[in-house]
Every structure is written in structure tokens, then in C-alpha cells.
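[1] Predicted model follows, preceded by the sequence.
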Amino acid sequence: MAIAFTFPGQGSQAVGMGKDLADAFPEARRVFDEVDEALGEKLSTLIWEGPEETLTLTANAQPALMAVSMAAIRALEARGLSLKDKVAYVAGHSLGEYSALAAAGTFSIGDTARLLRIRGNAMQAAVPAGVGAMAAIIGLEEPDVAAACAEAAEGSVCQIANDNGGGQLVISGEKAAVERAAKLCTEKGAKRALMLQVSAPFHSALMAPAAEAMREALATVEKRAPVVPVLANVVVQPLGDPDEIARRLVEQVTGRVRWRESVEWFGENGVTTLYEVGSGKVLSGLARRINRDIATAAIGTPAEVEAALAALG
């Protein structure tokens, strides 16, 4: 009967997220104050008041989602929950891995906010606007999508960026190659191939400059061993060594988010409940499509904090 805490990635942001946590729990409000101080700006005002198009910018959405996740964690801890005692593993989807590491004590909240601001800016700057693209492929198996990417690349970059499970894969790379791959996937029998409204080709080799920026940034922050093992996106293995964690975070910028395999790994290693900590319920929906034997629950509102405390004892 093991528990894992998971942390959402980009796309789960919403104006107003975390405000009820900050109003209900002083410890949660302090998280937002800490993030504001670390970034030297009132990100909390943007999170709670918008505008949505500014919150959605990668450099804002990444630290904002982490702040909401950590607000929920601090509210739980203030009421006696010990991650070390109650949680077997933590994991996060892309930027959510940083939230997971902050929750497990590897990075301070301030350092995590600064790392995510650097990550968001570096990912945005890595590729000129309009050069890259991403597409969601629905209802086609991973080997077929990989084959379509390889065929469509024609010497340029086209690869699987996210394996989200439930028949949903995301491909990323140079725009023309991604468009060719999306067409090939449809021809191979995909139910849908949708070009995504994203600002950059995330989790592709085109993000190499951003990976280098993260290597430099991660070298400058204090890193502690996590109190709970972190299941890393790119290797689907629980990590505890801070130096390896940093190395895998660098690889994650250009590598695949292996979320389907992560949920499968949890099922194979005794995890019975996945809690999604922070904004939204995207990961819970994905988990139900991957393994119906694993229960899911969200911790993103004061009521959900209380319910989790009651369930976890």
C-alpha cells in the first residue's frame, strides 16, 4: 500500500490557482511570498489576477505551477504530514519534476523558482519563433509514431517529446518535419494528429542551448539528497543522488517525458494511490487511462488538503 505524490506540468495553469490555499493556510501564503522574493516580482499577483496570456508564458507558468504545488505541500506539512514517513516516491511531469524535488527537499523553494525562470526563458530563447512545432498524436502506438518521426525527419529534428499514455503521444522538432510526421501518423491510422499551440519545440534536440543553460544553473545551486526517491522522467528510475538528479534534469530538456512508463513503474512497484499535488487534474486523468488499478486523488484546494490528511493519517 504505497503512496506516490505527482506534480503537474505546463498546461495545468489557471488564473486564480492556489489563492484559496493562500487564504486558508499561512504556510501556503508564505510559499508565494518566497517565490515573489526569489524572482524580484509579484508573480503571485499574476497567478491570482492574470491576465491569462501572461501567466501562460513559459517563463511564468513554470515557477507559478511549482508555487501552487509547494503551497499544498507546506499546508500538509504544517498539519503534521511527513513526506518521508507517508510517501514512497515523488515524480513530476516535465517542470513538475522540479516541484517534486522541491517537495523532497533537494532544492529550496527560492532556488526552484529561479531555476524554473531560467529554464522557461532558455527554452523560449533556444529556437526562433516559427521554426519549431509540436503535435499531439492520438490513437497510434509508440513504435508507429517513432517510425513516422524517423521517416519525416529527412535530416532535421523530429522526435517523440512526451509519452503521456492512454494512446496520447506528443512529437516535437522542426516545423516542416513535425507537419510531415503528423500527416504520416494519420496515414498509419492515428485517430487524430493535432498541431499544438506552443511557443517552442520542447523536449527535442532543438532545445540543446536550453539544456546547456540548465547545466550551468544547476551547478550553482545547493542540492540535497531527497527525503523521498524521485522517479526521473528521462530514465524512469528512482534517484537519490543529487548530482545524478541534476544530470538527469539537464537531459530532460532535450529528452522524452516518459509518463506512461512512470505510471506503469509505480504499478509494478506497489504504488496503490497517486496524489496529484497542485493545480488541476491532468495527471490523474492520464493515470486512469494507463493503469485503472491505481487510485488517484488531487491535492489542490483546502478541502482536498483536509481529505488527504484524513486519508493519509
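    Done, it's in.
[2] CA only for contacts and neighbour counts going forward, please
    Fine.
[3] Enumerate the positions of stretch 184-200 that are buried.
    Buried residues in stretch 184-200, defined by neighbour count with 16 or more other CA atoms under 10 Å: 184-186, 190, 192-195, 199-200.
[4] Ends of it, what's the gap?
    22 Å (CA to CA, to the nearest Å).
[5] now the buried residues of stretch 184-200 as CSV including secondary structure, distance to residue 281 and pLDDT?
    Shown next, in CSV, are the buried residues of stretch 184-200 (DSSP: H, G, I helix; E, B strand; the rest coil; distance: CA to CA, whole Å; pLDDT from 0 to 100):
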residue, secondary structure, distance to residue 281, pLDDT
184, helix, 31, 98
185, helix, 28, 98
186, helix, 28, 98
190, coil, 25, 98
192, strand, 23, 97
193, strand, 23, 97
194, strand, 22, 96
195, strand, 23, 96
199, coil, 23, 83
200, coil, 24, 91
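[6] any idea which of the residues you listed is the one closest to residue 268?
    Nearest to residue 268 among those is residue 190, at 28.5 Å by CA to CA.
[7] so the closest one makes contact with residue 140?
    Yes. Applying CA atoms under 8 Å, one finds residue 190 in contact with residue 140, separated by 4.8 Å.
[8] mind listing the strands for the stretch 151-300 of the chain?
    In the stretch 151-300 of the chain, the strands defined using DSSP state E, counting those that start in this stretch lie at 158-165, 168-174, 192-195, 230-231, 238-239, 271-277, 295-299.
[9] swap that for the stretch 1-150 of the chain, please
    Using DSSP E, counting those that start in this stretch, strands in the stretch 1-150 of the chain cover 2-7, 89-92, 132-138.
[10] which other helices and strands contact the shortest one?
    So the one you mean is strand 89-92. Secondary-structure packing of strand 89-92 (3 or more CA pairs under 8 Å, 6 or more residues apart in numbering; DSSP states H and E): strand 2-7, helix 96-103, strand 230-231.
[11] And those: which comes nearest residue 272?
    Within the helices and strands packed on strand 89-92, the stretch nearest residue 272 is strand 2-7; the backing value is 5.7 Å (CA to CA).
[12] Report the rounded mean pLDDT for that closest one.
    In this model, strand 2-7 has a mean pLDDT of 98.
[13] Direction included, what does that strand pair against?
    In the sheet, strand 2-7 lines up against strand 89-92 (parallel), strand 271-277 (parallel) (DSSP bridges).
[14] most packed of the ones you listed?
    Stretch with highest mean neighbour count among these: strand 89-92 (a mean of 27; mean count of other CA atoms under 10 Å).
[15] residues near residue 237, how many?
    As a burial measure, residue 237 scores 13 neighbours (other CA atoms under 10 Å).
[16] sorry, back to before: so can I have TSV of the strands of the stretch 1-150 of the chain showing distance to residue 253?
    Output for the strands of the stretch 1-150 of the chain, formatted as TSV (distance: least, CA to CA, whole Å):
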stretch	distance to residue 253
strand 2-7	17
strand 89-92	14
strand 132-138	15
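[17] What are the neighbouring residues in contact with the closest residue to residue 78 other than its chain neighbours?
    Nearest residue to residue 78, sequence neighbours excluded (CA to CA, 6 or more residues apart in numbering): residue 27, at 7.0 Å. Taking CA atoms under 8 Å, 6 or more residues apart in numbering, we find residue 27 in contact with 71, 74-75, 78.
[18] Need the buried ones from those selected in ChimeraX.
    Selection of buried members from the contacts of residue 27 for ChimeraX, criterion 16+ other CA under 10 Å:
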select :71,74,75
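[19] what comes into contact with stretch 40-55?
    Under CA under 8 Å, 6+ apart, the answer for stretch 40-55 is 13-19, 32-33, 35-36, 60-61, 64.
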